[in-house]
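Enquirer: Please find the sequence and the predicted model below.
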Amino acid sequence: MKNKKWMRVVFEFATFCKWKIFFSVIFAIISVLGGFIPYIAVYNILNIFFEGNPDLKDIIFWSLICFLGYFGKLLFYAFSTTLSHISAYSILEQIRLRLINKLLKAPLGTVLNETSGKFKNVIVDRVETIELPLAHMIPEGISNLILPLFVFSYLLFIDWRMALASLITVPLPLILFSFEMKKFNKKYSDYMKASNHVNSVIVEYINGIEVIKTFNQSSKSYEKFSDSVKFFKDYTLDWFRSTWKLMNFTATFLPSSLLGTIPIGMILYINGSLSPSEFVMCLILSMGIISPLMWFTTAINDLKTIEYAVNDVNKILNIEELKDNELCIDLKDYSINLNDVSFSYNNESNAIDNITLNIPQGEFHALVGPSGGGKSTIARLISRFWDIDSGSIKIGGVDIKDIPLTQLRNIISFVTQDNFLFDCSILENIRIGNSDATDEEVFNIAKKAQCDDFIKKLPNGYHTEAGEAGKKLSGGEMQRITIARAMLKNSPILILDEATAFTDSENEDNIQKSISELTKNKTLIVIAHRLSTIKDADNIVVLNNGKIVEQGTQDYLLRNCNLYIEMWKSHIGSKSWAAGNRKEDFYV
Ligand SMILES: Nc1ncnc2c1ncn2[C@@H]1O[C@H](COP(=O)(O)OP(=O)(O)OP(=O)(O)O)[C@@H](O)[C@H]1O
């Protein structure tokens, strides 16, 4: 979807419920007609009185007509608003489904690069702001536009001079209002910026509350928070102050049509060109023209709200999707080949520079090197979080761009240090790895992943909710649950990105046991800072500044690669330091 105008986008989403919208419009028009009937009835009742000798039957008859008109108006208004609300919520549902679908099809890297708060803000909050105006636009817009037109036409029919007199208060506020509207777009855009800033500061404040308290930053960060809240209040009040005189003048002067109809009506009545019933009727009708039109002053604001929300939605819908294939491809094996691969995140410097790497099926390869060397980037590119800029990445001899994304996701398991648990039971959290797995299979896998013992100790065992359990689980235990999940998935290629990064040695031991179960007979890529965890790898690739410095077995690297030797020494140093300076063998 290119940068379409926001109204077109709304219409596009509205097409699938077009009949509901159509009938909402029809019912709104019928409701307006119903609302117009009392005017006719009142005119007739007035005539009966002014003609003298009023007949009670006629008055009751027109009163009933009046009542029926009101009843019809309310009934069809209810039908119209019901349909318009159903349509609005259906449109919201469609927008949200399209957004979620887009996040699935967009490059994972692009999604992860954005803060989750931003997506949540658009998908939940901004989309919600569309509902109210959208649901009320049809019934209220139609009745507030068509009813005054009918009333004005009826007024014209009774006496065209009184019809014009009823508009006497319109020109001045309209001219002043149109001047004010010239500034509206800019003011609204600044208002939205200030509002978004407050939102982001609040989200940052809540997300970072632990750091704020730990580092005793409460007064400083509170200042940032209170400043932005104050700025928002000041801006909104300034805008309000700059317009309140005009708005109040418009709100009181514009609907005062009696200022025109009473004096002109008096003159016409005295001249004898307006009967008493026509005079009274014109006064009543004139009061029903302008007030409904005042609704459009608030509708301008509502339209802007929709415009901004739809534009935010559009930004997400415009994210370029990864090209995908439908048909599953036969792969000869699960080897991985990177051939002359280069990739840059920002089109400036290459995070990965002309990397060539062959990982035969079933082998264990490790990526090591200083921070920022490109280890995680290689892992993400093999999983196709992003498409590479040049070269090729093949699995089983097939370019990963030609492998359907669902197939690629099935053959690769990516275990990172972010142990995300969904808000469901531990059992279901593990079952995410394979939704067809039976409870027994989940229990067995949990045993292999060294999870069974601690899960059983939770209040409801495997049925404990992850949120409740999360507070009682250590980082290492959560890690083993995600490893169990990956074991259940049982995909032929495994990527472990710093999987043991933040665990103590006791936990590391358990994790190592679960990892060795997980990795049996798999093509394995491990990114690790703890070199002891990858010392048995078939091949260790040392990366620095996006390039391969050297590769080989641990023995080979300890003899030939200075960078690896330095890394190994510092690893051994930190290990022995952690163990109370007990010197360990150089080869652990
Ligand atoms: N999402 C991103 N957007 C932009 N640049 C990125 C992104 N992720 C990484 N980089 C940059 O790419 C380069 C390689 O980063 P990468 O995360 O692959 O290194 P690494 O070797 O895994 O580092 P570490 O050991 O610290 O995790 C770095 O210069 C980093 O700043």
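Expert: Good, I have the coordinates.

Enquirer: Only C-alpha atoms from now on, for both contacts and neighbour counts.
Expert: OK.

Enquirer: for the chain, which helix is longest?
Expert: Selection of the longest helix in the chain by residue count, based on DSSP state H, yields helix 56-105.

Enquirer: which helices and strands sit right next to that one?
Expert: With contacts taken as 3 or more CA pairs under 8 Å, 6 or more residues apart in numbering; DSSP states H and E, helix 56-105 sits against helix 6-14, helix 18-50, helix 127-158, helix 295-317.

Enquirer: so how far is the third one from its chain's centroid?
Expert: So the one you mean is helix 127-158. Relative to its chain's centre, helix 127-158 lies at 31 Å (CA atoms, centre = their mean, to the nearest Å).

Enquirer: now the last one
Expert: Average the C-alpha atoms of helix 295-317, do the same for its chain, and the two points are 15 Å apart (CA atoms, centre = their mean).

Enquirer: Now do it against helix 6-14, angle only.
Expert: In terms of direction (axes from the mean of the first three to the mean of the last three CA atoms, to 10 degrees), helix 295-317 departs from helix 6-14 by 80 degrees.

Enquirer: tell me which strands and helices the helix or strand following helix 295-317 is in contact with?
Expert: Next along the chain after helix 295-317, taking DSSP states H and E as the criterion, comes strand 336-343. Contact partners of strand 336-343 among helices and strands, from 3+ CA pairs under 8 Å, 6+ apart: strand 352-359, strand 390-395.

Enquirer: near the ligand at all, the longest one?
Expert: No: if you take CA under 6 Å from any ligand atom as the test, strand 352-359 misses the ligand, and the best it gets is 7.3 Å.

Enquirer: Strand partners (parallel or antiparallel) of that strand?
Expert: Partners of strand 352-359 in the sheet, by DSSP bridges, are strand 336-343 (antiparallel).

Enquirer: what does the average pLDDT come to for stretch 347-358?
Expert: The pLDDT scores in stretch 347-358 average 89.

Enquirer: Where does the prediction get shaky in the stretch 401-550 of the chain?
Expert: By pLDDT under 70, the weakly predicted segments of the stretch 401-550 of the chain are 468-472, 499-511, 513-514, 517.

Enquirer: so where do the helices sit in it?
Expert: Here the stretch 401-550 of the chain has its helices, by DSSP state H, counting those that start in this stretch, at 405-411, 426-431, 439-448, 452-456, 466-470, 475-489, 505-518.

Enquirer: got those as a markdown table, with distance to Lys118 columns?
Expert: Shown next, in a markdown table, are those (distance: least, CA to CA, whole Å):
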| stretch | distance to Lys118 |
| --- | --- |
| helix 405-411 | 25 |
| helix 426-431 | 25 |
| helix 439-448 | 35 |
| helix 452-456 | 34 |
| helix 466-470 | 23 |
| helix 475-489 | 26 |
| helix 505-518 | 34 |
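
Enquirer: could these be laid out in a markdown table, adding distance to the ligand and mean neighbour count?
Expert: As requested, those are exported to a markdown table (distance: least, CA to the nearest ligand atom, whole Å; neighbours: other CA atoms under 10 Å):
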| stretch | distance to the ligand | mean neighbour count |
| --- | --- | --- |
| helix 405-411 | 20 | 16 |
| helix 426-431 | 26 | 23 |
| helix 439-448 | 28 | 18 |
| helix 452-456 | 30 | 16 |
| helix 466-470 | 25 | 18 |
| helix 475-489 | 18 | 25 |
| helix 505-518 | 19 | 17 |
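
Enquirer: I'd guessed Asn544 sits against Gly374; true?
Expert: Yes: between Asn544 and Gly374 a contact is recorded at 7.2 Å, counting by CA atoms under 8 Å.

Enquirer: For the chain, which residues are neighbours of the ligand?
Expert: Neighbours of the ligand within the chain, by CA under 6 Å from any ligand atom: 113, 345, 351, 371-377.

Enquirer: go again using 5 Å as the cut-off
Expert: The chain comes close to the ligand at residues 345, 351, 371-377, as judged by CA under 5 Å from any ligand atom.

Enquirer: now the helix or strand following the longest helix of the chain, how far from the centre of its chain.
Expert: Downstream of helix 56-105, the first helix or strand assigned by DSSP H and E is helix 108-113. Relative to its parent chain, helix 108-113 has a centroid offset of 14 Å by CA atoms, centre = their mean.

Enquirer: Same check on stretch 528-545?
Expert: 39 Å.

Enquirer: Ok, stretch 340-354 next?
Expert: 30 Å.

Enquirer: for stretch 31-42, same thing?
Expert: The chain centre lies 44 Å from the centre of stretch 31-42; the measure is CA atoms, centre = their mean.

Enquirer: contacts for it?
Expert: By CA atoms under 8 Å, 6 or more residues apart in numbering, the residues outside stretch 31-42 that reach it are 62-63, 65-77, 142-143, 146-147, 150-151, 281, 285.

Enquirer: If we use 7 Å, what do you get?
Expert: 62-63, 65-66, 69-70, 72-74, 76-77, 143, 146-147 (CA atoms under 7 Å, 6 or more residues apart in numbering).

Enquirer: of these, buried ones?
Expert: Among the contacts of stretch 31-42, those buried by neighbour count (16 or more other CA atoms under 10 Å) are 62-63, 65-66, 69-70, 72-74, 76-77, 143, 146-147.
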